[in-house]
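A predicted structure for the sequence below; I have some questions about it.
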Amino acid sequence: MSYYNDREMIYSRTAENPATGCYEWQGAVTKSTGYGKVSYAGKSVDTHRALWTMVHGPIAPGLHVCHKCDNRKCVRESHLFLGTPSENMIDARDKGRLATPNLRGEAHPAAVYPASTIEAIYRMAHDEGMTDTEVALLMGVSRGHVWNIKTGRKWAHLTAELNGPAA
């Protein structure tokens with residue numbers, strides 16, 4: 001039986017942060033992620049995931065062990081919860097941890113063109129049947145940009161509106 005197969009052994013390597021109530025892992029941490037690491041069941045595992053497994057059993061494929069406290073070193077059981085990748089991203093967005101919290105269209109910092117230009121490109125390529133090359137030359141954009149708009153890879157919220165309700 002490995003040293004870390006017992007949650008009390010994990011807790012013995014933590015220190016409580018009085019400001020947050022987190023039990024912060026004091027052992028090895030992966031530099032690139034900031035998560036604690038332990039050897040568990042013969043594998044190198046994030047400490048919070050090992051602790052969750054010890055307490056609750058196996059983690060279903062595709063689920064994350066998320067932190068209510070947003071502290072990657074925290075292993076306090078009451079600060080952890082299971083969530084899908086989507087739920088994890090929603091949690092991050094709601095807590096303001098994403099660089100661009102769901103900004104779309106002209107509000108997105110990487111947007112170059114106004115919605116009116118995107119609408120014109122879409123209508124020419126989709127409704128009027130012009131080729132991507134023709135639209136690109138006329139509008140002064142790349143063929144790839146036209147294709148991304150026409151297929152909904154970019155500006156999907158706008159192109160969905162332009163298509164109207166699904167049948």
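Received the coordinates, thanks.

For the residue lying closest to Val29 once chain neighbours are set aside, give me the pLDDT.
Spatial nearest neighbour of Val29, chain neighbours left out: Gly36 (5.4 Å); criterion: C-beta to C-beta, 6 or more residues apart in numbering. Glycine gets a C-beta too; all of them are placed from N, C-alpha and C. According to the prediction, Gly36 has pLDDT 92.

which parts of stretch 32-42 are buried?
Tyr35, Gly36, Lys37, Val38, Tyr40 (16 or more other C-beta atoms under 10 Å).

Let me fix that, I meant to ask about stretch 55-65.
For stretch 55-65, burial by neighbour count (16+ other C-beta under 10 Å) applies to Leu63, His64, Val65.

what are the ranges of the helices in this protein?
For the chain, the helices defined by DSSP state H cover 7-11, 47-56, 85-94, 115-122, 132-139, 143-150, 156-163.

export the ones you listed to CSV and tack on distance to Asp70 and mean pLDDT?
Formatted as CSV, the helices of the chain follow (distance: least, C-beta to C-beta, whole Å; pLDDT from 0 to 100):
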stretch, distance to Asp70, mean pLDDT
helix 7-11, 20, 86
helix 47-56, 12, 93
helix 85-94, 8, 87
helix 115-122, 34, 90
helix 132-139, 43, 93
helix 143-150, 33, 91
helix 156-163, 28, 77
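
Can you give me the domain assignment for this protein?
Using automatic domain parsing, the domain parsing of the chain gives 3-94, 105-163.

tally of neighbours for Pro18?
7 (other C-beta atoms under 10 Å).

And stretch 73-91, end to end?
Terminal residues of stretch 73-91 lie 18 Å apart, using C-alpha to C-alpha, to the nearest Å.

Now do that stretch: everything it contacts.
The contact list for stretch 73-91, computed with C-beta atoms under 8 Å, 6 or more residues apart in numbering, reads 10-11, 14, 20-25, 29, 34-36, 47-48, 51-52, 55, 59-60, 62-69, 71, 98.

Recalculate using a threshold of 6 Å.
Residues from elsewhere that reach stretch 73-91 (C-beta atoms under 6 Å, 6 or more residues apart in numbering): 10, 22-25, 36, 47-48, 51-52, 55, 63-69.
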